[in-house]
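>>> Sequence and predicted structure, then a few things I'm wondering about:
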Amino acid sequence: MSLERLVEEIRLRAERELEEARLRTDGEESAIRTESDRRVRQLTDDGRRLAESEAARERAQKVASAKLQARKLVYEAREKKTGEMLDGVREALRDYTESSEYPLVLKRMFSLAQERLGKQIRVKGREEDASLLKGIVGKNFESTPVPVLGGLVAETPDGARRLNLSFDELLRLREDEVRSLLAP
């Protein structure tokens, strides 16, 4: 073998090995690029799905918040309307104290108080009703006025038991029923 031939064979072998290495690196590069593209697509899809679900969750939260706010506004409006109507009921009760039927109601209240608490009771009422109550209950009337819309408050002489038959208290005790009647 001649030296030239030996050099030529070494050169050819080197070119072959170089070509194989180049093909191998091209294949590896292609596989890496394919894997990189696949991961980028996967990350993009995952990001899009996450963004969509986050947006849907946020939308649902905003809708729920808006519904809650709407219910709150409706409740406040109803409550305001009911409050106004209750004020109207109170005004009607004030007007009722000026009617000719009111003394009869006070007599029935006094009779009921005597049934529940006994004959010996102390009775209080509005300052405006003092003369009317004094005429109905006689010596059982206590002149200390009570700040109520109308009606009377009765208690035993020792103060152990009390029966509040004022319009205020009767309305307060029945307020839930009145609210349900007034509610739209």
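Sure thing, it's come through. Numbering: from 1, shown residues only.

>>> what's the offset of the helix or strand where Gly47 lies from the middle of its chain?
Assigned by DSSP states H and E, Gly47 falls within helix 3-96. Distance of helix 3-96 from the chain centroid (C-alpha atoms, centre = their mean, to the nearest Å) equals 32 Å.

>>> what does the helix or strand that comes right after that helix contact?
As assigned by DSSP H and E, the chain's next helix or strand after helix 3-96 is helix 102-117. Helix 102-117 has contacts (C-beta atoms under 8 Å, 6 or more residues apart in numbering) with 96, 121, 123, 125, 129, 132-133, 136-137, 150-152, 154-156, 161, 163, 165. Any C-beta I mention is one placed from the backbone N, CA and C, and that applies to glycine too.

>>> Just the buried residues of helix 102-117, please?
For helix 102-117, the neighbour count (16 or more other C-beta atoms under 10 Å) marks 102, 105-106, 109-110, 113-114, 117 as buried.

>>> Poorly predicted segments of the protein, please.
1, 182-184 (pLDDT under 70).

>>> what's the residue closest to the geometric middle of it?
With distances taken as C-alpha atoms, centre = their mean, the chain has Lys72 as the residue nearest its mean C-alpha position (6.5 Å).

>>> rewinding a little: now for the helix holding Gly47, which elements pack on it?
helix 167-173, helix 175-182 (3 or more C-beta pairs under 8 Å, 6 or more residues apart in numbering; DSSP states H and E).

>>> ok, back up a step: narrow the contacts of helix 102-117 to just the buried residues.
Among those, the ones that count as buried (16+ other C-beta under 10 Å) are 121, 123, 125, 129, 132-133, 136-137, 150-152, 154-155, 163, 165.

>>> ok, Ser36 - contacts?
Not one residue lies near Ser36 by C-beta under 8 Å, 6+ apart.

>>> Return the distance of it relative to Arg49.
According to C-beta to C-beta, to the nearest Å, Ser36 stands 20 Å off from Arg49.

>>> Then Thr25?
Distance, Thr25 to Arg49, by C-beta to C-beta: 35 Å.

>>> Could you do Gly135 as well?
Distance from Gly135 to Arg49, by C-beta to C-beta: 85 Å.

>>> Next: Lys119.
Counting by C-beta to C-beta, the gap from Lys119 to Arg49 is 83 Å.

>>> neighbour-wise, which of the two wins?
Arg49 (10 against 7; other C-beta atoms under 10 Å).

>>> Could you list which residues are in contact with the more buried one?
By C-beta under 8 Å, 6+ apart, Arg49 has no neighbours at all.
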